[in-house]
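[1] Just the structure for this:
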Amino acid sequence: MARLSSSIITSSADFRRNYTASKTRIADFEARQQAARFDRPARDVERLAKQGKLLPRQRLEALLDPGTPFLELSSLAANMAYDGESPGASSITGVGIVSGREVMLHADDSSIKGGAWYPHTIKKIVRCLDIALENHLPVVHLCDSAGGFLPLQSELFPDKHMAGRIFRNQSLLSQQGIKQLALVFGHCTAGGAYIPALSDYAVIVRGTGAVFLAGPPLVKAATGEIVTVDDLGGCDLHTQISGSCDYPASTEQEAIAIGREIVAQWDRPAKWPAQRDAIEAPYYDPDELHGIIPDDIKRGFDMREVIARLVDGSRFHEYQPAYGTTLVCGFANLWGYKIGILANNGVLFNDSALKGAHFIELCNQNNTPLVFLQNITGYMVGREYEARGITKDGAKMIMAQSCSRVPKFTVMCHGSFGAGNYGMCGRAFDARFLFSWPNHQIGVMGGEQAARTLAEVKMRQLEREGRALDKAVIDGVYHDTLKAYQEQLSAYYSTSELWDDGIINPVDTRNALGVAISASLNAPLADNRYGVFRF
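    Have a look, this model is predicted:
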């Protein structure tokens, strides 16, 4: 494949301005991430130490193979929820290596309100188990939770994708032969008790680990029985009498060592044979991505410059380079893996939508994973384009993408607006992993467009009612809408709500995709069938 030619001038004023703005954003992102990971009240850290407990990240560090990558997911989940009381949504999830096996990890963060589950905690756990199911990844649960955060119980329990979905997913993992291990470091209360009970293997720490449907206070309130934690659901009860757990451990370190031995016994299912070549670093420096991404969401850029700093050797075989030019399609390698890339270079017209649909079909024919690099304002609107069939051509692209059998991966590189989000494999379309850059914005439309639209609607309403056009009222609608949109469009709002699998530094994109692609190959390819394309 030919190497992409870059036109970036790193000494230009535009590049320097973009670079400075991006590095400022990255510093802010890293500060937020550091705080979410490590800033805890001293009393909570001291409480865990007195109990002889490790901090959650210390447990993970001891469990993971030394020197191997850990792809943490949704590190800033719930960062704009609950007045900041649940950093990281009170849990840690990610893909890592344990005893040489790729596994999904789920760890309760007991340094936050005893590891109590908030609604976003449950959403994060469900998502990590969805990823395990989609990619056939074994799961290791690091359990230490006080149970559901009861003041928000109505948002925890009854609906389809609430807490019950965790246990449904665990059951499906077992049905499909995907292994699970629970390491019980602390309490597993109420629904949380089912995590070790539904796992194939369970290790419990004597003195601090406990599994019960109701703790001593609730048992006393419900039945009048007075019982200790250990007698109700401690290590000896569950390893010697009930059989709910398999292995006792005297310390957390021993539990982790036993857990590593258990994982070492697991077989290694064969991955499907994706095409792979020798690994080559990008020819162009990935750090230059900071100067390529504009400091204004409304400014365009050539996505080929991004591709050149992600893929092996900066080599790219572009498909139909002269047709549908607002969508860049082509083949490349990333960490040796053959991938098909779809990247936005502007609004999607009829020809670019048709080109995208056809290229997706080719990648499915060739068993080539798909990477979507989003910077999209949507499909083109207007009378001319509707007459040419933009809706049905966009639908073809959505159909091809939705029914694709090869793994899909999405990176939100800049803007993601309107139905273009759908065609480019937005959250609703089951990308195996979806990552965002800190500059990312997402919405039905941009903030200014939404504000102008609602101001226009308000003007028409006043006219219909025969009322005078009140400029102050219309300006108020415009400014209130713009303010709300600016908050909700941001990458931090998006990741807080778990609309992605985490914000990443643009220079880390290559590594994140490499881990994600490798993990995806554990799941066999499905048969390929498309629905009806409207011609």
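[2] ok, now how distant is I166 from S199?
    Distance check for I166 against S199: by C-beta to C-beta, to the nearest Å, it reads 12 Å. In short, each C-beta sits where N, CA and C put it, glycine included.
[3] How many residues are close by G100?
    For G100, the count of nearby residues is 11 (other C-beta atoms under 10 Å).
[4] mind listing what it touches?
    Counting by C-beta atoms under 8 Å, 6 or more residues apart in numbering, G100 touches 65, 264, 268.
[5] what's it sitting at in phi/psi?
    phi 80, psi 0 (degrees, to the nearest 10).
[6] Can you give me the end-to-end span of stretch 136-153?
    With C-alpha to C-alpha, to the nearest Å as the measure, stretch 136-153 spans 31 Å from end to end.
[7] Residue numbering should commence at 19 henceforth.
    Sure, I'll start numbering at 19, so the last one becomes stretch 154-171.
[8] Can you list the buried residues in it?
    For stretch 154-171, a neighbour-count test (16 or more other C-beta atoms under 10 Å) marks 154-167 as buried.
[9] Need the three-state assignment for F349.
    Under DSSP: H, G, I helix; E, B strand; the rest coil, the three-state class of F349 is strand.
[10] out of the contacts of G118, which one sits closest to L307?
    Using C-beta to C-beta, D83 is the member of those that sits closest to L307, with 29.5 Å.
[11] my read: S422 touches N384, true?
    No - using C-beta atoms under 8 Å, S422 is not in contact with N384; the gap is 11.9 Å.
[12] What average pLDDT does stretch 79-99 get?
    Summarised as a single mean, pLDDT over stretch 79-99 is 98.
[13] With stretch 136-146 instead?
    Throughout stretch 136-146, pLDDT has a mean value of 98.
[14] Please apply the same query to stretch 442-453.
    Here the average pLDDT along stretch 442-453 is 98.
[15] Any buried residues in it, and which?
    The neighbour-count check on stretch 442-453 (16+ other C-beta under 10 Å) flags 442-445, 447, 449-453 as buried.
[16] and if you look at stretch 284-300?
    For stretch 284-300, by 16+ other C-beta under 10 Å, it's 284, 292, 300.
[17] Likewise for stretch 114-128?
    Buried residues in stretch 114-128, counted by 16+ other C-beta under 10 Å: 114-117, 119-128.
[18] and that stretch, how far apart are its ends?
    21 Å.
[19] Relative to G520, how far out is the residue lying closest to A150 once chain neighbours are set aside?
    Residue nearest to A150 in three dimensions, not counting chain neighbours: M122, with 4.3 Å by C-beta to C-beta, 6 or more residues apart in numbering. The gap separating M122 from G520 is 14 Å, by C-beta to C-beta.
[20] Please apply the same query to A350.
    In terms of C-beta to C-beta, A350 sits 23 Å off from G520.
[21] now do G133
    As judged by C-beta to C-beta, G133 and G520 stand 20 Å apart.
[22] likewise D314?
    For D314 relative to G520 (C-beta to C-beta), the value is 24 Å.
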